[in-house]
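Colleague: below: sequence and its predicted model.
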Amino acid sequence: MLKYMAEKSKTGMYESVMKQFEKAADIMNLDSNIRKILSNTNNEIVVHFPVKMDNGSVEVFTGYRVQHNNALGPYKGGLRYHPTVDIDDARALAIWMTWKTSLAGLPYGGGKGGIQLDPVKYSASELERITRRFTFALGGNIGPEYDIPAPDVNTNAQIMAWMADTYMSTKDSDSRSKYAHVVTGKPINSGGLEGRDRATGFGVVTTLQSWADWKNETLEGKSYIVQGFGNVGQWTAHFMKEKGAKMVAVQDHTGTIYNENGIDPIELLEYAKGNKGGVAGYPKAEAIDNDKFFALQCDICIPAALGSQITGANANDIKAKVIAEGANGPTTPEGEEILLKKGVSIIPDILCNSGGVIGSYYEWLQNRNGEIWQMDDVIGKLERKLINSFGKVVVAAAEYKVDLRTAAYIVAIRRIELTYRERGVFP
Ligand SMILES: NC(=O)C1=CN([C@@H]2O[C@H](COP(=O)(O)OP(=O)(O)OC[C@H]3O[C@@H](n4cnc5c(N)ncnc54)[C@H](O)[C@@H]3O)[C@@H](O)[C@H]2O)C=CC1
Ligand SMILES: O=C(O)CCC(=O)C(=O)O
């Protein structure tokens, strides 16, 4: 059923998402027609666009937007700026978005995309021009009721503001403000939602808390390691501190730092801000080899960076009792098999990091209805929604006697299946 792969995708994420889907589809005995539909993406947009660099030369960039499924509503999902972005990754990430939005009960389908580039190589003004040309090249392939991008790796509120501005500038001046919800994750002044910045990290910790409640455990005093100290990693650490948990190691693209007595997330964030965002060199922790990270002694492991990090090669070394997947696709099926055999719980990405897209939904509603939501309302609503999703997954896990990921897939896919049936697509 691996439709597109002539050879293995570079990051392996496409194989992972399809294997996860097939496992769930087999167990739930998914209708073969629905299976066929969901094994394919609806649309795959690849654009090549020229941008003038600061030195006057022109570079041609490649951007992607994959729209997997929109049975439940407009395509929704982030844009990533990273050298690994390609069509296979965009497909995998779009498919994960379909499951995530369905599981969260949102009126959205799944899409994802990005540009293949290393953002550190470009100035802020080059990144602005790249973003604007990309938005223009995507043209009508995005839209507030059709496909709504958001931030992901190496994209942020500023990039969303440039996108919204470029998109709106293509509309008549008297109706421009109607289009602000073409992207979410914008700065507050430009229609952004209070709390969207922390929504994913808050969600990671809320699902961890739900897991702890379910297992009759507490997060207080638990040690954890986190891979990635960007939007998701930082906010996760912030909320883990509120729970009284102890961060003992952090890994990012600059290196790995460790202190068994704990690393303060607020101090580390201040340090990283003055260190181009990197954690390497933080004076209150020791530098350790990158390949020792996942083997560190801890209670909780939080991958919050890139995909395919926990694999058949390192899963055996993991000491944590629970993995909270802040990142998309951090655990390969081979890694997962080993972890499940060892009795490790995995809170799957489509549940664990769904706080971000739920926050985006609130931003979209806020813009669509001309409202301004307050932080307390956002966080309260988000928490209730996440606890509700966690409960549904636990019920499905018991009913089908499966792990949490497979259960989450079953809940997500059932909702889409039901929608197709209600519309009379299948008997
Ligand atoms: N931003 C959001 O709202 C959401 C993000 N996610 C996922 O969370 C993950 C992180 O996203 P963000 O925090 O938004 O991105 P970000 O760009 O803010 O941060 C990415 C972090 O990953 C680190 N990193 C990059 N390459 C690495 C490597 N090879 N080894 C270790 N660390 C590395 C970077 O140093 C940085 O700390 C991604 O998988 C993303 O798809 C999922 C749901 C929502
Ligand atoms: O906020 C959104 O719309 C999507 C965020 C995202 O890309 C994700 O959940 O992986």
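Modeller: Structure's in. What do you need? Ligands and ions are numbered 1, 2, ... in the order given.
Colleague: so which bits of stretch 20-27 are buried?
Modeller: 20, 21, 22, 23, 24, 25 (16 or more other Cβ atoms under 10 Å). C-beta: built from backbone N, CA, C; applies to glycine.
Colleague: contacts only, for the fifth one.
Modeller: Residues counted as contacts of residue 24 (Cβ atoms under 8 Å, 6 or more residues apart in numbering) are 30, 406, 409, 410, 413.
Colleague: point me to the helix or strand that includes the closest residue to the second one other than its chain neighbours.
Modeller: What that stands for is residue 406. Using Cβ to Cβ, 6 or more residues apart in numbering and skipping residues adjacent in sequence, the residue nearest residue 406 is residue 24, 5.0 Å away. Residue 24 belongs to helix 13-27 when assigned by DSSP states H and E.
Colleague: repeat that for residue 305.
Modeller: Residue-wise, residue 305 maps onto no helix or strand under DSSP H and E.
Colleague: hang on, it packs against residue 233?
Modeller: Yes. Applying Cβ atoms under 8 Å, one finds residue 305 in contact with residue 233, separated by 7.2 Å.
Colleague: who has more neighbours, these two?
Modeller: A count of neighbours by other Cβ atoms under 10 Å puts residue 233 above the other of residue 305 and residue 233, at 30 against 20.
Colleague: and that one, what element?
Modeller: Going by DSSP H and E, residue 233 is part of helix 231-242.
Colleague: quick revisit: what residues are shared contacts of residue 305 and residue 233?
Modeller: Joint contacts of residue 305 and residue 233 (Cβ under 8 Å, 6+ apart) are 227, 252.
Colleague: pull out the buried positions in stretch 94-114.
Modeller: 94-106, 108-114.
Colleague: got a list of what the residue nearest to residue 38 when sequence neighbours are not counted touches?
Modeller: Once flanking residues are discounted, residue 38 sits nearest to residue 69: 6.4 Å by Cβ to Cβ, 6+ apart. With contact taken as Cβ under 8 Å, 6+ apart, residue 69 is in contact with 37, 38, 41, 42, 98, 109, 110, 416.
Colleague: at 10 Å instead, please
Modeller: Residues counted as contacts of residue 69 (Cβ atoms under 10 Å, 6 or more residues apart in numbering) are 37-38, 40-42, 75, 94-95, 97-99, 101-102, 108-111, 416.
Colleague: check residue 326 too.
Modeller: Listed by Cβ under 10 Å, 6+ apart, the contact partners of residue 326 are 200-201, 203-205, 207-208, 226-228, 230-233, 235-236, 302-305, 347, 349, 352-353, 355-356.
Colleague: mind doing that once more with 6 Å?
Modeller: For residue 326, the contacting residues are 204, 232, 236, 302, 304, 353, by Cβ atoms under 6 Å, 6 or more residues apart in numbering.
Colleague: nearest residue to it other than its sequence neighbours?
Modeller: Closest residue to residue 326 apart from its sequence neighbours, by Cβ to Cβ, 6+ apart: residue 304 at 3.2 Å.
Colleague: how about the strands in the stretch 201-350 of the chain?
Modeller: 223-227, 246-252, 255-258, 286-288, 300-303, 322-324, 345-347 (DSSP state E, counting those that start in this stretch).
Colleague: out of those, which one sits most buried?
Modeller: The highest average neighbour count among those, using mean count of other Cβ atoms under 10 Å, belongs to strand 300-303 at a mean of 28.
Colleague: packing partners of it?
Modeller: Strand 300-303 is packed against strand 223-227, strand 322-324, with contacts defined by 3 or more Cβ pairs under 6 Å, 6 or more residues apart in numbering; DSSP states H and E.
Colleague: looking at those, which is nearest to ligand 1?
Modeller: Of all the helices and strands packed on strand 300-303, strand 223-227 sits nearest to ligand 1, with 5.2 Å by Cβ to the nearest ligand atom.
Colleague: flag every residue of the stretch 51-200 of the chain that's near ligand 1.
Modeller: Residues of the stretch 51-200 of the chain lying close to ligand 1 (Cβ under 6 Å from any ligand atom) are 151, 152, 153, 154, 200.
Colleague: repeat that for 8 Å
Modeller: Proximity of the stretch 51-200 of the chain to ligand 1, by Cβ under 8 Å from any ligand atom, involves residues 78, 80, 82, 93, 100, 150-156, 185, 196, 199-200.
Colleague: so of these, which ones are in strands?
Modeller: Counted as lying in strands by DSSP state E, out of those, are 78, 80, 150, 151.
Colleague: do the lengthiest helix in the chain and ligand 1 meet?
Modeller: Ranked by residue count under DSSP state H, the longest helix found in the chain is helix 375-400. No. Shown here: helix 375-400 not in contact with ligand 1 (Cβ under 8 Å from any ligand atom), separated by at least 12.2 Å.
Colleague: any part of that helix near ligand 2?
Modeller: No. Judged by Cβ under 8 Å from any ligand atom, helix 375-400 stays clear of ligand 2, getting no closer than 12.1 Å.
Colleague: what mean pLDDT does that helix have?
Modeller: Averaged over helix 375-400, pLDDT sits at 98.
Colleague: check stretch 222-235 too.
Modeller: Stretch 222-235 comes out at a mean pLDDT of 98.
Colleague: what does the residue of the stretch 201-350 of the chain found nearest ligand 2 show for phi and psi?
Modeller: In the stretch 201-350 of the chain, the residue found nearest to ligand 2 is residue 328; the distance is 5.1 Å by Cβ to the nearest ligand atom. The phi/psi pair for residue 328 (degrees, to the nearest 10) reads phi -90, psi 130.
Colleague: shouldn't it be in contact with residue 95?
Modeller: No. Residue 328 is beyond contact range of residue 95, at 10.2 Å (criterion: Cβ atoms under 6 Å).
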